[in-house]
Structures are given as structure tokens and as C-alpha cells.
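Colleague: The following comprises the amino acid sequence and a computationally predicted model.
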Amino acid sequence: MGEKAKIILSEHEYEADVVVGTEGEKGIDVIHLRRDTRNVVLDPGFVNTASCSSAITFIDGEKGILRYRGYPIEQLAEKSSFLEVCWLLMKGELPNTAELEEFTEEITTHTMLHESVREFYAGFPRDAHPMAILASVVCSLSAFYQGDVGNPEDITYRNSLRLLAKLPTIAAWAYKKSIGQPFMYPRNDLGYSENFLYMMFGVPAEDFEIVPEMVDVLNSLLIIHADHEQNCSTSTVRLVRSSMANLFASITSGICALWGHRHGGANQRVVEMLQNIQKDGGNAKKYIEMAKDKKSGFRLMGFGHRVYKNFDPRAKIIKEKCHDFLKAIDCKDPLLDVAIELEEAALNDDYFKERNLYPNVDFYSGIIYRAMGIPVPAFTVMFALGRLPGWIAHAIELNADPKNKIGRPRQIYTGSTERDFVDIENR
Ligand code: SDX
């Protein structure tokens, strides 16, 4: 007999099952609560609400643990490749050699965009935010593949390949548009990360030199960003997909949710914050005090997390890779010194300690992107490139659940009770 939870209501006691996950997490199953008691649970921001059961990613916020399909992020970031992690997230197991080779081939041969898509870029203003371009072009892909036929799983898989293959091209072309350089077409002789760097920084006038350290650090960053269970953008993808919207539209909703500065947009805000602190004489303490003063409206971007009440394991990995990468390319970025000083000051301040506010995935990533030559507005695009397989994996998992329903939360109404219409001459 499983554990039960008793909810004591004024009129009677309600008994609910307690579901237990494979890592011992417990959830009170309230699936019939409203049917049986006319009560709903109120939880703005879903701080205490599990929207689903999922087998993709496990986070222990108290211990700073992150695993994709059971594999620790530290091992994947060190030993795996981004396409291998894409397969792992989508299929649930690490691929064997033949599977990875075929998957890589399928991605490599779908990296080009329809020539009509290229024409969209002419219509964007030159200073268009690249996330606006990413969302628009990704959604437009549904117009090019609407005629795809077959069973839904096969169509979803083909569209997953198209998205994984084309997003780097879409992102790189947004950058080329912003600097007025010719678009670089993808090359099938390059790996996933190499191809992206080639399309970003290559020019038709000369050969492109691949920097191995840049490829390695990009591969790790993409892996580290690949999934994070029910974060805002992934939950958004699930909600949109639950209406059976096509995969391109569902992923577009994730891109839009990620854009916000509380979420993926934070990596852009972190670097802007570090630049402001540097311009202001590098006075970290002043900004720590501002972040503690609610009236200032200032938050330490790249700090804090809904789930991690310990170090974000990704921040630790990225901080180390940041040091190694800047050293390997002999780059001295004063913002790194500002970031380290800010981290030190915050980690020794009671306000941050009491609230378990630690650096998150966005705190150091922007410094690496800067050193790679990626413009600040494109930092969140880099986050989207990494998060894409996670979004896809959750969409696939949702559709594979035979009991999946359209997401439709309830509410507690607090507006006017019934009243009659008043003609305008009597108002
Ligand atoms: C990502 O969910 C995910 O998994 C997201 C993500 C992923 O991989 O998908 O990990 C990626 O989005 C990382 C987070 C990036 N965002 C930022 O760095 C923006 C700055 N951080 C915050 O705005 C905030 O910490 C959130 C949004 C990340 C978390 O917000 P919560 O969980 O709603 O926490 P909260 O706003 O209720 O804060 C709790 C307390 C408050 O103080 P009190 O009311 O208790 O006095 O901590 C304070 C907040 O004022 N606080 C901060 C702070 N973050 C929280 N104070 C100063 N600086 C901060 N950064």
C-alpha cells in the first residue's frame, strides 16, 4: 500500500496518493481533487507544483546535482559530444557507434535552409534582435514542411532532425545579417560545432581556420545548456505541444520564453551588468548593496535559481572552462576579474547566503561567448542552440504519454460578482 496524504478540509478529509520518483522525490497526486472536493491548489509560479512525470533530467537543487538520463553533467561535459547528448536526451540511451554515425549524417545533410527562407532576412531591420529572427524563422519552417506525411512519431523525428540541423544556420545568418557580411552556407565536411563557427566567422574571401579550443568549449557549452527539466521555456514547449501544435510552433514558444531576462536572457544582462560595474570603477560592493536594496530594482544577474539552493553545477563547470579557454587563446578579459570579485563578495554576504543565491549557468557563460567573438545580443541565441534538444526531448516524451492531456490550469477568481450592464448615459 503506497503512502497517502490527508488534506483536511472544513467539510471533510481528503486522502490523496503520494507518488514517489526514482530519486525519492515525493508528490501529492491531486488529479481528482477538484472533482472530489471542488477545491483546486493555488501555486503562482508553480514553485511547489510538478506539472508532469519525466524521465529525461534529474536535478537535486539542494545538493547541486544535474543528470541527463542518469548521466552526471560533469561527465557528459567532459567526455561526450553535443550530438551524442541530443540522441541521449531524445532516445533515453547513449548511442552506439552506428547510431551516432547515422544520426550525425542525418543532421549534417539537413543543415541548409530553403532559399525562400534566406529572403526573410532581407526584411528584418539590421539591428533586429537575433532572438526575434530566430523565433520568426523557426516558426516559418512549419510552412515548408506542412506537407510531410507519415505517422506522427516519424514526422516529429524528421522535424527534430530539421530543427537540430538548421538552427545553427538560422542563428549564424542572423549574425551575418547584423554585420552586413555574406551568408556562409553550411559545409558537410565539418562537425556540428565547427560548422556553426564557420558560418558565424568564415568569409568567402579566405579560408577559415578552425580553432580547436573554441570548438571544444562550444561543444561543452551546448551540452551544459541542453536540458534542465521543467524550466520556464521547456514548460512552455510542453504546454504548447499539449494542444498538438506542430513541433516548429512549439519550439518557437520555447525560444520566446527563453528570451526573458529572468531566464535565458540573463546571460546577455550579466555581461551588460559586468560592463557597467567595470565602467563604474569595478566597485563590486556597491552593486552587492544595490542588489540587496529592493527599492533599487537592481538584481545581480546570473545569480539565484528557483531550484538550486546550492551551487549550480553548470556554473562551476563553465567557470573552470572560462579560465582554461581564455588562457588557451591568451585572452585577458577584465570582466572575468569583475565577475570573480562579484562572486566572492556575494558568497560572503549574509543576504545572499540566507537566500541561497549562488552563480547560475548564466554568470560565466557570456565571458566565454565574448572571447569567442559572439556579440552580446546573440548570447541567448547560444542558449537556445544548446537547449533545443531538451525542448525536443520533452515534446517527444509528452506525446509518447498515452494519458497526455491539453494543459489547462485552473484559477481562483477574484473579480466582480454578477452585476447588470449599465447604459453609457447612466454611467
Ligand atoms: C535560468 O529554471 C531553470 O532551470 C532556468 C535555467 C535553465 O537552465 O533553464 O537554469 C536557466 O533561467 C537561470 C536563471 C537566470 N536568471 C537570472 O540570473 C536573473 C537573476 N535571478 C533572479 O531573477 C532569480 O533568482 C530567478 C528568476 C532566477 C529565480 O527567481 P525565484 O525562484 O522566483 O526567486 P525569487 O525571485 O522569489 O527570489 C527569492 C529571494 C527574493 O528576496 P526576498 O523576497 O526573499 O527578500 O531572493 C532574492 C529575491 O529578491 N533574489 C535576488 C536575486 N535572485 C533572487 N536578489 C538579488 N539578486 C538576485 N539575482
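Modeller: Arrived safely, thanks for sending.
Colleague: could you give me the average pLDDT of the helix or strand containing Thr169?
Modeller: Element membership of Thr169, judged by DSSP states H and E, is helix 152-179. Averaging pLDDT along helix 152-179 gives 97.
Colleague: for stretch 187-199, same thing?
Modeller: Stretch 187-199 comes out at a mean pLDDT of 98.
Colleague: Walk me through which strands the longest strand belonging to the chain pairs with, and which way each runs.
Modeller: Taking DSSP state E as the criterion, the chain has its longest strand at strand 13-20. Sheet pairing for strand 13-20, assigned by DSSP bridges, gives strand 4-8 (antiparallel), strand 26-28 (antiparallel).
Colleague: Tell me the buried residues in it?
Modeller: Neighbour-count burial for strand 13-20, with 16 or more other C-beta atoms under 10 Å as criterion, is recorded at 14, 16. Where C-beta positions appear, they are placed from N, C-alpha and C, glycine not excepted.
Colleague: chain center to it: distance?
Modeller: Per C-alpha atoms, centre = their mean, to the nearest Å, the displacement of strand 13-20 from the mean C-alpha position of its chain is 33 Å.
Colleague: what mean pLDDT does it have?
Modeller: Rounded mean pLDDT across strand 13-20 is 95.
Colleague: just the helices in the stretch 1-150 of the chain please.
Modeller: All helices of the stretch 1-150 of the chain, identified by DSSP state H, counting those that start in this stretch, fall at 33-37, 73-79, 82-91, 97-108, 115-123, 130-144.
Colleague: of the strands paired with strand 13-20, which approaches the ligand most closely?
Modeller: strand 26-28 (17.9 Å; C-beta to the nearest ligand atom).
Colleague: what residues does the closest one touch?
Modeller: Under the criterion C-beta atoms under 8 Å, 6 or more residues apart in numbering, residues 3, 5, 7, 16-21, 50 lie in contact with strand 26-28.
Colleague: Mind putting these into a markdown table with distance to the ligand?
Modeller: As requested, the contacts of strand 26-28 are exported to a markdown table (distance: C-beta to the nearest ligand atom, whole Å):
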| residue | distance to the ligand |
| --- | --- |
| Glu3 | 28 |
| Ala5 | 24 |
| Ile7 | 25 |
| Ala16 | 26 |
| Asp17 | 27 |
| Val18 | 25 |
| Val19 | 22 |
| Val20 | 23 |
| Gly21 | 17 |
| Ala50 | 14 |
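Colleague: Residues of the chain that sit close to the ligand?
Modeller: Residues of the chain lying close to the ligand by C-beta under 6 Å from any ligand atom are 228, 231-232, 262-264, 266, 291, 299-307, 355, 357, 360-362.
Colleague: again, 5 Å this time
Modeller: Residues of the chain lying close to the ligand by C-beta under 5 Å from any ligand atom are 228, 231, 262-263, 266, 291, 299-300, 302-304, 306, 355, 360, 362.
Colleague: Residue of the stretch 201-350 of the chain closest to the ligand, please.
Modeller: Gly304 (2.3 Å).
Colleague: give the contact list for that residue.
Modeller: Counting by C-beta under 8 Å, 6+ apart, Gly304 touches 355, 357-358, 360.
Colleague: quick one: the helices in the stretch 151-300 of the chain?
Modeller: According to DSSP H, counting those that start in this stretch, the helices that the stretch 151-300 of the chain contains are 152-179, 192-201, 212-224, 232-242, 247-259, 266-279, 284-292.
Colleague: Make CSV out of those helices and add mean neighbour count.
Modeller: Compiled in CSV, the helices of the stretch 151-300 of the chain are given as follows (neighbours: other C-beta atoms under 10 Å):
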stretch, mean neighbour count
helix 152-179, 20
helix 192-201, 22
helix 212-224, 21
helix 232-242, 23
helix 247-259, 24
helix 266-279, 20
helix 284-292, 17
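Colleague: Can you convert those into JSON lines and add a column each for distance to Tyr121?
Modeller: Below are the helices of the stretch 151-300 of the chain laid out as JSON lines (distance: least, C-beta to C-beta, whole Å):
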{"stretch": "helix 152-179", "distance to Tyr121": "5"}
{"stretch": "helix 192-201", "distance to Tyr121": "13"}
{"stretch": "helix 212-224", "distance to Tyr121": "23"}
{"stretch": "helix 232-242", "distance to Tyr121": "24"}
{"stretch": "helix 247-259", "distance to Tyr121": "17"}
{"stretch": "helix 266-279", "distance to Tyr121": "21"}
{"stretch": "helix 284-292", "distance to Tyr121": "38"}
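Colleague: for these, which one sits closest to Met372?
Modeller: Closest approach to Met372 among the helices of the stretch 151-300 of the chain (C-beta to C-beta): helix 212-224, 5.7 Å.
Colleague: Against which helices or strands is that closest one packed?
Modeller: Packing partners of helix 212-224 (3 or more C-beta pairs under 8 Å, 6 or more residues apart in numbering; DSSP states H and E): helix 73-79, helix 82-91, helix 192-201, helix 313-328, helix 362-372, helix 379-400.
Colleague: In the stretch 1-150 of the chain, which residue sits nearest the ligand?
Modeller: For the stretch 1-150 of the chain, C-beta to the nearest ligand atom, closest residue to the ligand: Gly45, 6.0 Å.
Colleague: Next, count neighbours for that residue.
Modeller: Neighbour count of Gly45, defined by other C-beta atoms under 10 Å: 8.
Colleague: Give me the nearest residue to it, chain neighbours excluded.
Modeller: Arg306 (8.0 Å; C-beta to C-beta, 6 or more residues apart in numbering).
Colleague: In a strand, the one you found, correct?
Modeller: No. Arg306 is assigned coil when assessed by DSSP: H, G, I helix; E, B strand; the rest coil, not a strand.
Colleague: That one contacts Thr49, doesn't it?
Modeller: No. Using C-beta atoms under 8 Å, Arg306 is not in contact with Thr49, being 11.8 Å away.
Colleague: can you list the domain ranges for the protein.
Modeller: Domain assignment for the chain by automatic domain parsing gives 4-67, 74-257.
Colleague: got CSV for those domains, with distance to Trp391 too?
Modeller: Formatted as CSV, those follow (distance: least, C-beta to C-beta, whole Å):
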stretch, distance to Trp391
domain 4-67, 11
domain 74-257, 5
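Colleague: Okay then, goodbye and thanks.
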